[in-house]
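K.L.:
whatever this is, show me its structure:
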Amino acid sequence: MKIQETLIAIIFGAMILVAMLAGQKSNEKYFPLREWAEKDKFVPDLSGPVWVDPETGMEFVRVNGGSFEMGCIDDTWQCNPNEYPVHKVYVDGFWIGRYPVTQKQWLRIFEVNPSFFQRNHDNPVEKVSWHEAREYIAELNIRKGSEVFRLPTEAEWEYACRGNGSAMNYSGSMDSEEVAWYRGNSGGSTRPVGSRMPNKLGLFDMSGNVFEWVQDVYDEKAYKRHNPYNPLIDTGLGSAYDHYISIIEPYIGGDSFRVIRGGSWRHLSMVARCSNRYSMAAGSRQNYLGFRIAADRLGPQSNE
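P.N.:
Reported below is the predicted structural model:
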């Protein structure tokens, strides 16, 4: 009798194990890492100027200067008041990271990974404050021996997200499912960068995965104040403020809030729209908040 009970227990346990493994396989099939490539839905043009940082392996894509209509240009959406008025903006050419900074790239500069989701170091680094993003960039600049890297401005970010200012709702598509990891498809986590379709500049994850810090101080009415050429909303306090930023900010009220862009794995798809803008205290660390790096000049160029 005990032998029969033992055999039944073994068989029952094996059935449970098979069911668990089948469930895991099914879940991975539902969230393929290279779905856009496997289905041949889209082949990005990656032949433009590219620069690869030899220390971190970050790829930077050249974005040619131009003008675009900044703000909510699709009247079918119930856009937020801070996305108006729509206004023409001109930006000079710049370079921007093909992906948000990954955990692997963060660890090549700093020893400790701050991220909540650490099972794959190709996922974007998160739980990084605006100050810490700038500290990372400052360390990169020290190693380069000059002020090379920076956060993108809000106008540059939207221009790049739109692929040189196109009218797409999301970065590379009118359909969030093709380009973004958001609440409805992320599985409750960040995902490896580059695992959804890019936009026409070959930039990935500008819609969804993690929100991204930009340079600008948040101002709900910024679009009424923008200079039409290379607009930037800042504190006006200059280099002294930059040096003592983390000390001063708690005492300056609204200037401690910075703009974040792009939506995330945790939020609704509509939050990942190119024109959507949110604010966050510069010292905040959230598991849906990372950053991407920009530069004015890089070289030599490579098309490899």
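K.L.:
low-confidence ranges, the stretch 101-250 of the chain, go.
P.N.:
Low-confidence segments of the stretch 101-250 of the chain (pLDDT under 70): 238-250.
K.L.:
can you give me the strands for it?
P.N.:
149-150, 211-217 (DSSP state E, counting those that start in this stretch).
K.L.:
what does the longest one contact?
P.N.:
When you say that, I think you mean strand 211-217. 100, 128, 130, 133, 150-154, 156-157, 206, 222, 232-235, 254-255, 257-264, 278, 280, 286, 288-292 (C-beta atoms under 8 Å, 6 or more residues apart in numbering). C-beta here means a position set from N, CA and C on the backbone, and glycine is covered the same way.
K.L.:
and the residues you listed, which are buried?
P.N.:
Among the contacts of strand 211-217, those classed as buried by 16 or more other C-beta atoms under 10 Å are 100, 128, 130, 133, 150-154, 156-157, 206, 222, 233, 255, 257-264, 278, 280, 286, 288-292.
K.L.:
what ranges do the helices span in this protein?
P.N.:
2-30, 35-38, 103-107, 130-144, 154-161, 176-179, 222-225, 238-243, 245-248 (DSSP state H).
K.L.:
okay, the nearest residue to R266 once chain neighbours are set aside: pLDDT?
P.N.:
Leaving aside its chain neighbours, R266 sits nearest to Y288 (4.6 Å; criterion: C-beta to C-beta, 6 or more residues apart in numbering). On the pLDDT scale, Y288 is placed at 98.
K.L.:
same question for G48.
P.N.:
77.
K.L.:
for I96, see how far away it is.
P.N.:
Going from G48 to I96 by C-beta to C-beta, to the nearest Å gives 12 Å.
K.L.:
domain parsing of this structure, as residue ranges.
P.N.:
1-30, 36-295 (automatic domain parsing).
K.L.:
which one of those domains is the most hemmed in?
P.N.:
domain 36-295 (a mean of 19; mean count of other C-beta atoms under 10 Å).
K.L.:
contacts for stretch 127-136, please.
P.N.:
Counting by C-beta under 8 Å, 6+ apart, 101, 106, 109-110, 114-116, 151, 213, 245-246, 258, 280, 282-287, 289-291 sit against stretch 127-136.
K.L.:
sorry, back to before: could you dump the strands of the stretch 101-250 of the chain into a markdown table and include distance to V91?
P.N.:
What follows is these, written out as a markdown table (distance: least, C-beta to C-beta, whole Å):
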| stretch | distance to V91 |
| --- | --- |
| strand 149-150 | 14 |
| strand 211-217 | 13 |
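K.L.:
out of these, which gets nearest to D53?
P.N.:
Smallest distance to D53 across these (C-beta to C-beta): 8.7 Å, for strand 149-150.
K.L.:
what's in contact with that closest one?
P.N.:
I137, L140, N141, Q215, I293, A294, A295, D296.
K.L.:
rerun at 7 Å
P.N.:
With C-beta atoms under 7 Å, 6 or more residues apart in numbering as the test, strand 149-150 has contacts from I137, L140, N141, Q215, I293, A294, A295.
K.L.:
so the third one touches I109, yeah?
P.N.:
Same thing as N141. No. If you go by C-beta atoms under 7 Å, N141 and I109 don't touch, sitting 11.1 Å apart.
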